[in-house]
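Asks: Next come a sequence and a model predicted from it.
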2 protein chains.
Amino acid sequence: MPHFTSAVEYGLHCLLFLVEHPPDRPAPSTRDLAELQCVPVPYLAKIFTKLQKAGLVEAAQGIRGGFRLARAARQISVLDIVDAIEGSKPLFDCRQIRTRCAIFEDQPPAWASEGICAIHAVMLQAEQKMRAALAAHTLADLAQRLSTKAPPAFEEEILTWLDERAAGRRRRRTPPKT
Amino acid sequence: MPHFTSAVEYGLHCLLFLVEHPPDRPAPSTRDLAELQCVPVPYLAKIFTKLQKAGLVEAAQGIRGGFRLARAARQISVLDIVDAIEGSKPLFDCRQIRTRCAIFEDQPPAWASEGICAIHAVMLQAEQKMRAALAAHTLADLAQRLSTKAPPAFEEEILTWLDERAAGRRRRRTPPKT
């Protein structure tokens, strides 16, 4: 099983749609984003609750609600997003078995638990390297790399799709004429 | 849940007992090692089967069997051990959801799946950094760090404990006199 769940992939992809979203257009809801990215709606809603709690997105004002980034995309690292979604999830859980040696007869000497376990230290170093690599990329970097691949019309197509959804919802909300 | 299971901790700690084990003394069995380190015997046996398959330990000749390191401890990295025990376990499983955008209407354009997904690329980089950190430490390094902590008598105590086990087993194997 991979260390990061699919929630990280879903969250990251859907956040990308918020990066260049114009402030004067309705903020997309998690339903909009989930259906746009073809991921499960309730699952994405839970992911966005976590992103909101972590201060990475904020609920937009207005009747439609929806979400906006809570700070500039260049100030949101991939690590921020992973931590928000996955919580504290260490690479390695040290159970201090260094103190459990038959020779100690249930009375481990002080030296056996002194400082950090050498094995744990290596794992923590590996984890730090991994986290530093995730911290070195921002949501803005990812969006920029995506935009170099996508044709210029793509961004506008996304906005049109979202606008049509918003208009559709507004129409549906208008009570039928009697 | 941590990325690496307790098998990695158990395996690494038990392998440390093999690092300085003199070739003229009986090679410890997985039962010896498990009981010395107070970890479950069948679980450790499975771990050692994996370590043997990966060419990190080898069965010792002789009636007692047991295990020895298959190569010098300085030629066995922590990454070798982790890979042997955990197998292929990526940090992140890219499901290519970049091709699943409602706008594509089930016909993703070529650019959407061109090259590696930008998100996946960041995850792979993080994984590489983590693996490089694990590869930078050997079993010999860990043993050396442990030996600076443990008192000089510890190594001999371990050998005596293992010898007594071996002698006890030999005694048990001698049929009772009639």
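Replies: Now that the structure is in, tell me what you want to look at.

Asks: in the longest helix seen in chain A, what's buried?
Replies: Looking across chain A with DSSP state H, the single longest helix is helix A:153-173. Using 16 or more other CB atoms under 10 Å in any protein chain shown as the test for burial, helix A:153-173 gives A:154-155, A:158-159, A:161-162, A:165-166. For glycine as for every other residue, the C-beta is placed from the backbone atoms N, C-alpha and C.

Asks: what's the farthest-apart pair in these?
Replies: Greatest spacing in those, by CB to CB: A:F154 and A:A166 (18.8 Å).

Asks: where exactly do the strands run in chain A?
Replies: Per DSSP state E, chain A has strands spanning A:57-59, A:67-69. These are given in chain order.

Asks: can you redo the ones you listed as TSV with mean neighbour count, mean pLDDT and distance to chain B?
Replies: Shown next, in TSV, are the strands of chain A (neighbours: other CB atoms under 10 Å in any protein chain shown; pLDDT from 0 to 100; distance: least, CB to the nearest CB, whole Å):
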stretch	mean neighbour count	mean pLDDT	distance to chain B
strand A:57-59	19	96	17
strand A:67-69	19	96	17
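
Asks: Of those strands, which is nearest A:M123?
Replies: strand A:57-59 (31.9 Å).

Asks: which residues are contacting that closest one?
Replies: Defining contact as CB atoms under 8 Å, 6 or more residues apart in numbering or on different chains, one finds that strand A:57-59 is touched by A:15, A:18, A:48, A:51-52, A:65-70.

Asks: Just checking: the least confident one among those is which?
Replies: In terms of pLDDT, the least confident member of those is A:G65, at 77.

Asks: for that one, what are its contacts?
Replies: So A:G65 contacts A:27, A:29, A:59 (CB under 8 Å, 6+ apart).

Asks: try 7 Å
Replies: With contact set as CB atoms under 7 Å, 6 or more residues apart in numbering or on different chains, A:G65 has these partners: A:29, A:59.

Asks: Would you confirm that A:W111 contacts B:A153?
Replies: No: using CB atoms under 7 Å, A:W111 makes no contact with B:A153, being 11.5 Å away.

Asks: Tell me the residues that contact both of those two, please.
Replies: Joint contacts of A:W111 and B:A153 (CB under 7 Å, 6+ apart) do not exist.
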